[in-house]
Every structure is written in structure tokens, then in C-alpha cells.
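Chemist: Any chance you could fold what I've pasted below:
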Amino acid sequence: MPDLPARFAGLILAFAPLFVHRSWRHAQLLPIGAILTPGRRTVASALRIMGRAQDRRFVNVHRILNRAAWSPRAGGRILLGLLIAAFAPRGPVVMALDDTIERRRGKRIAAKGIYRDPVRSSDSHVVKASGLRWISLMLLAPIPWAGRIWALPFLTALVPSERACQERGRRHKPLLDVGRQLALQARRWLPGRDLVVVGDGSFSALLFLDAMRRARITAITRLRLDAALYEPAPPRPSGTIGRPRTKGARLPTLAATLVAKDTRWHAVVVSGWYGSAQRGIEVASGTAVWRHGGMPVVPIRWVLVRDPAHRFEAQALLCTDLACDPTQIVSWFVRRWSVEVTFQEVRAHLGVETQRQWSDTAVARTTPSLLALFSIVTLLAARLLARQRQRIAAAAWYPKPRPTFADALAAVRCAIWRERTLATSPRRRARTKPCFRLPAPWAYALFHAA
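Modeler: From the prediction side, this is the model:
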């Protein structure tokens, strides 16, 4: 192991069973190097920051990503166990499922495609982006010292474009199918816990919701205001001939319920409303059967949300658990805001979109590893002393009441640098004070251009 604080070494060693002994000697350099490296997260930068710039067998570290036999899915299971033990030891396990686009160019990146850019696009203007599409399953858990909900990625999968699959003669797997497999994988890993999966409107599909209901997973997504909702099928009289009914009478659309005068609204207060402290809203709820021709029949609880101050447009949510409280549904759904924060943080501080791997295997491993590094840094920060992780990089022009991920990353880096370069001499007979010489990793981190 590299020189690490004892509280950090135990967590890094938890991933040792993924590799054989020879590969683990090189693999353990990558997470520590990725944490310490500023700027681009390449293997060469990790080797420089770890003091291995003159290592002639540097290719062995590259092979960890493009050739070595290890399973990222098994690593995700280990990481999920660590996150559950640290931040969600009891109660329902709330997870978020969302996709993002990694902007990559190059003829040798085979899985890239052209997608709608959700950040730069609007309702009236569509911007396309070329790159890789990833879907990530994250744990939505409260971080005690941050006072907020953080989205902690632990399982990320690549969704190749349809054109890339056709060129290779493979069956194209849509985004919903990959998301369903990720959620069912988490269900197998946590058989005794109540799971809640929160997604945006792209996961509001009957096939996906039916799979979640059968797997005993509570799914919460957006719902169209013009969705075809029905009453449950009436009891079937004995002796009736023909196929049983799957639905009852047609119910008014949610758009009509929103403007109806007899709709009963309830005032509630939701904490953590999209990053703010609290927000007072009004909700109306009911149960129905959502059905479409040729699709499974899914019973849902719908929730209409509106703002008394008219600061945002009314929206509708659905939940596959009919007994769930509407206020709890809204509270779980607004946790999704931390997913966008996580995607922004990994781009700004962990170098996503700066790696330069071209091998298909390395491309499929690097970005999920950097997203998982967000969760690993959070776990490492949780093992620091309270005064160390409460250090905030605030200024007179930038007041910051609570630490963010950037502060957690700085605290972890400080602890690692102190252990590696500021340790006292192990020899008690050493009396003379050696002449200070700036270590090569420090010179690389401080002097070279970002």
C-alpha cells in the first residue's frame, strides 16, 4: 500500500479482492493518484503525482484499465455495502437513477453517439452533443457534516448508441432496459431492505414501472398530465365468459383535475426543496390504474404538486406504492436535485471528460471508476476527525455555511499528503535536521500548468 493514514488504508483494502496480487500492486496507485492529481485524470498524471514518473514498467498500470481481469460490478457491490453501513444503516434505501453525456471525440471511441444535451437545451431550442451516454445508480443519503443530501454513485453502465451496436452486429439495449437491470441488481444485493428508486420523466414507462413493482421496488417518477388513468377493474362475476377486465371506467386527466374546483388540496412543508431549506406547497393525491394498449397494467398513486405563490408550474408525480404518503413521495423526489450536483462535481473536481483512454475496455471502466471515486472520497472524509472535515474554503466574497464536496476532497488530500511527506523519521537516532528538498509530486502539482 502507498503511505496512507490507517483510517484510509482499511477502506482502500476493501477493494483488494477484485484483483490478483500482482494486479493489486498497480491498481492501488490509481485511486490515490486520481484523488491527488489536479487537472486531467490520466494514468500518466496519476503516476507523476505518486512519484512513479521514472518507473520503466508504467505500462502495467495502464493494463489495469484496458486488459486486467476484474469486475466493476463486483466493485460496485463492495462500494454499496460501505455506503450503506456508513450513511444508510436503517430505514428505506433511497436511490436515484439518471443518465448523463460525457463529451468525447475520436474515431477510436466506438460507443459514442449524438444525443440531446439536457443542460444546454430548452423547450424551444435543442442542442445536440456527441459523446458517450452513461446511466448511473446513486445512493441518496444525508451527509451529517454537510447538512444535505448527496448523490453517491456506486454502479454506472455505458449505453452504446444504436449506430455503434449495428456496426458491431449487437442488439441495441435502450436506456430503460439498462436502468431496469441496474435497479434489479441492487435489489439482489439488498434482499432484506426496502428500496426506493427515483427517476425523471424518461423512466415513466409502463414496462419499467411494472418490473419495479414485481421486484418489490418502490419507483417514483414524473407523470404526464394527460396520462390515461382508469379505475381498478371491477370484480369479475362468476360464470363470465371471456378474458378478465384489466381496467375500469376512465378517470379525468390530471390536467383536468388540476383546474377542477372540487379538487381537495392539502398544504404541506417539504424540507430540502431543490437545495433550499424548506418550501410550502399544496398537494392533491389519489390512486388509479395506468394502462396503455399492449403494455402491462400498473396501479399507481398520483400526486399533483402546485405552488401557492406560483413560482413554478404545477407538476405530477407517480409512485408504485399505493400506501405511500404523498408528502413522503414529494420529499423523496426532490432529492433528485443532488444528482445534478454530483455530475457537476465530478466534472469540476474529479476530471470526468478529461481522460484519454481509447480502448473499449478502458473507456467502459474509467468513467464509472471516477464516478465511484466521488463516493470513495465521501467515505474517506467520513473517517476524518470532525475538525478536519469541517474546514471550509470560504472568503469575504464567498460565504459558505456548510462544507461541500470540494472541501471534503481538500481535507482528504491534506490527510494523504501529511501522511506521505510530513511523517517524522522512523529512526530515533536521527538527530540532524535534513535539508528540505521539494518532493517531485509537489513540484508537479504546484508548478506545472493545469
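Chemist: Pro31 and Ala364, how far apart?
Modeler: Distance from Pro31 to Ala364, counting by CB to CB, to the nearest Å: 18 Å. In this view, the C-beta of every residue, glycine as well, is placed from N, C-alpha and C.
Chemist: what does Ala406 give?
Modeler: 28 Å.
Chemist: ok, now Leu409?
Modeler: Counting by CB to CB, the gap from Leu409 to Ala364 is 25 Å.
Chemist: Same question for Ile64.
Modeler: In this view, Ile64 and Ala364 are 13 Å apart by CB to CB.
Chemist: Then Leu137?
Modeler: Using CB to CB, Leu137 is found at 16 Å from Ala364.
Chemist: Show residues contacting the helix or strand hosting Val268.
Modeler: For Val268, the element it lies in under DSSP states H and E is strand 266-271. The contact list for strand 266-271 (CB atoms under 8 Å, 6 or more residues apart in numbering) reads 277-284, 308, 326-327, 330-331, 334.
Chemist: Against which helices or strands is the next helix or strand after it packed?
Modeler: Following strand 266-271 in sequence order, the next helix or strand is strand 278-290 (DSSP H and E). In terms of contacts (3 or more CB pairs under 8 Å, 6 or more residues apart in numbering; DSSP states H and E), strand 278-290 is packed against strand 229-230, strand 266-271, strand 298-306, helix 326-333.
Chemist: run the last query once more with 10 Å
Modeler: Contact analysis of strand 278-290 by 3 or more CB pairs under 10 Å, 6 or more residues apart in numbering; DSSP states H and E lists helix 206-214, strand 229-230, helix 254-259, strand 266-271, strand 298-306, strand 315-319, helix 326-333 as its packing neighbours.
Chemist: packing partners for the second one?
Modeler: Think strand 229-230. With contacts defined as 3+ CB pairs under 10 Å, 6+ apart, strand 229-230 has these neighbours: strand 278-290, strand 298-306.
Chemist: for those strands, which one sits closest to Ala382?
Modeler: Set against Ala382 and scored by CB to CB, the helices and strands packed on strand 229-230 come closest in strand 278-290, at 26.1 Å.
Chemist: could you give the mean pLDDT of the closest one?
Modeler: Per-residue pLDDT over strand 278-290 has a mean of 93.
Chemist: What residues of it count as buried?
Modeler: For strand 278-290, a neighbour-count test (16 or more other CB atoms under 10 Å) marks 279, 281, 283-286, 288-290 as buried.
Chemist: pretty sure Val412 contacts Pro403?
Modeler: No. Assessed by CB atoms under 10 Å, Val412 is found out of contact with Pro403, at 11.8 Å.
Chemist: what sits in contact with each of these two?
Modeler: Shared contacts of Val412 and Pro403 (CB atoms under 10 Å, 6 or more residues apart in numbering): 381, 389.
Chemist: who's more crowded, those two?
Modeler: Legend: neighbour count by other CB atoms under 10 Å for Val412 and Pro403, higher for Val412 (25 against 22).
Chemist: Make JSON lines out of the buried residues of strand 278-290 and add distance to Ala27.
Modeler: Formatted as JSON lines, the buried residues of strand 278-290 follow (distance: CB to CB, whole Å):
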{"residue": "Arg279", "distance to Ala27": "45"}
{"residue": "Ile281", "distance to Ala27": "48"}
{"residue": "Val283", "distance to Ala27": "49"}
{"residue": "Ala284", "distance to Ala27": "53"}
{"residue": "Ser285", "distance to Ala27": "50"}
{"residue": "Gly286", "distance to Ala27": "53"}
{"residue": "Ala288", "distance to Ala27": "51"}
{"residue": "Val289", "distance to Ala27": "50"}
{"residue": "Trp290", "distance to Ala27": "46"}
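Chemist: Just flag the most distant two among those.
Modeler: Longest span within these, CB to CB: Arg279 and Val289, 30.8 Å.
Chemist: residue contacts, the residue lying farthest from the centre of the chain?
Modeler: In the chain, counting by CA atoms, centre = their mean, Gly239 sits farthest out from the average C-alpha position, at 52.1 Å. By CB under 10 Å, 6+ apart, no residues touch Gly239.
Chemist: List the buried residues for stretch 159-175?
Modeler: Buried residues in stretch 159-175, counting neighbours by 16+ other CB under 10 Å, are found at 159-161, 164-165, 175.
Chemist: And the contacts of strand 266-271, which is closest to Asp99?
Modeler: Using CB to CB, Val334 comes nearest to Asp99 of the contacts of strand 266-271, at 19.2 Å.
Chemist: Am I right that the closest one is in contact with Ile149?
Modeler: Yes. Taking contacts as CB under 10 Å, Val334 lies within contact range of Ile149: 8.9 Å.
Chemist: I'd like the next helix or strand past the lengthiest strand in the chain.
Modeler: In the chain, taking DSSP state E as the definition, the longest strand is strand 128-143. Downstream of strand 128-143, the first helix or strand assigned by DSSP H and E is strand 148-158.
Chemist: Now do that following strand against strand 266-271, angle only.
Modeler: Using axes from the mean of the first three to the mean of the last three CA atoms, to 10 degrees, the inter-axis angle of strand 148-158 relative to strand 266-271 is 80 degrees.
Chemist: Tell me the predicted confidence for Arg48.
Modeler: On pLDDT, Arg48 comes in at 91.
Chemist: Centre of the chain to stretch 60-78, how far?
Modeler: 19 Å (CA atoms, centre = their mean, to the nearest Å).
Chemist: quick one on the thing from earlier: out of Ala406 and Ala364, which sits in the busier spot?
Modeler: Here Ala406 and Ala364 are compared on neighbour count by other CB under 10 Å; more neighbours surround Ala364, at 20 against 14.
Chemist: In contact with the more buried one, which residues?
Modeler: By CB under 10 Å, 6+ apart, the contact set of Ala364 is 65-66, 72, 111, 132, 134, 156-158, 160, 357.
Chemist: low-confidence ranges in the stretch 251-400 of the chain?
Modeler: 275-276 (pLDDT under 70).
Chemist: pLDDT at the nearest residue to Trp417 once chain neighbours are set aside, what is it?
Modeler: Computed as CB to CB, 6 or more residues apart in numbering, the closest residue to Trp417 that is not its neighbour in sequence is Leu36, at 7.5 Å. Listed pLDDT for Leu36 reads 92.
Chemist: I'd like to know how many residues surround Leu36.
Modeler: Leu36 - counted by other CB under 10 Å - has 22 other residues nearby.
Chemist: how about the helices in the stretch 1-150 of the chain?
Modeler: Assigned by DSSP state H, counting those that start in this stretch, the helices in the stretch 1-150 of the chain fall at 6-13, 21-27, 29-36, 43-49, 59-66, 72-87.
Chemist: Now the strand or helix carrying Leu176: buried residues?
Modeler: Here Leu176 sits within helix 175-189, counting by DSSP H and E. Neighbour-count burial for helix 175-189 flags 175-176, 178-183, 185-187, 189 (criterion: 16+ other CB under 10 Å).
Chemist: Which strands or helices does it pack on?
Modeler: By 3+ CB pairs under 10 Å, 6+ apart, helix 175-189 packs against helix 72-87, strand 93-102, strand 128-143, strand 148-158, strand 195-198, helix 206-214, strand 217-223.
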